[in-house]
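Engineer: Provided below for reference: sequence and predicted model.
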Amino acid sequence: VVTGHQHYYLRSYPTAHWNATGTSYDSPTSPVYVLNGAAGNRGSLPSPNPFQFPFAMGTSHRGYGIINVYADRTTNNNVMQYNFFTAVDGNLFDQINITKRV
């Protein structure tokens, strides 16, 4: 699930009913949430986490995300790759590859 509006970047582990169901992104059985609203107004991460959501990564750095979706013919996987880059220097801050076996 990719969403925005909050002025920070967050990525969850596979999650169901507010609980992480694992830490692997290889054919997860539960949704993975990516929230990226970091390109606009600078915000701050909620602390403590008001939702007690199992976030794997987060930052209040300004930045932007790029999504690549492709079929990997060598592994028979469909892949969604999400890259988050910091705006100040363009460096890769976070990357996630979510795979789904076909």
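Structural biologist: Arrived safely, thanks for sending.

Engineer: okay, CA-based contacts and neighbour counts for the rest of this
Structural biologist: Will do.

Engineer: Let me know the pLDDT of the residue lying closest to Tyr33 once chain neighbours are set aside.
Structural biologist: Once flanking residues are discounted, Tyr33 sits nearest to Val1: 4.8 Å by C-alpha to C-alpha, 6 or more residues apart in numbering. Looking at Val1, its pLDDT stands at 89.

Engineer: From Gly90, how far off is Val1?
Structural biologist: In this view, Val1 and Gly90 are 24 Å apart by C-alpha to C-alpha, to the nearest Å.

Engineer: Assign Val88 to helix, strand or coil.
Structural biologist: Following DSSP: H, G, I helix; E, B strand; the rest coil, Val88 is assigned to coil.

Engineer: So which elements touch the helix or strand of the chain with the lowest mean pLDDT?
Structural biologist: When the helices and strands of the chain are compared on mean pLDDT, DSSP states H and E, strand 55-59 comes out lowest with a mean of 80. Using 3 or more C-alpha pairs under 8 Å, 6 or more residues apart in numbering; DSSP states H and E as the contact test, the elements touching strand 55-59 are strand 9-12.

Engineer: Residues touching the helix or strand that the strand it packs on is followed by, excluding its own?
Structural biologist: Toward the C-terminal end, the helix or strand that comes next after strand 9-12 (DSSP states H and E) is strand 15-16. Residues from elsewhere that reach strand 15-16, judged by C-alpha atoms under 8 Å, 6 or more residues apart in numbering: Thr21, Gly22, Ser30, Pro31, Val32, Pro54.
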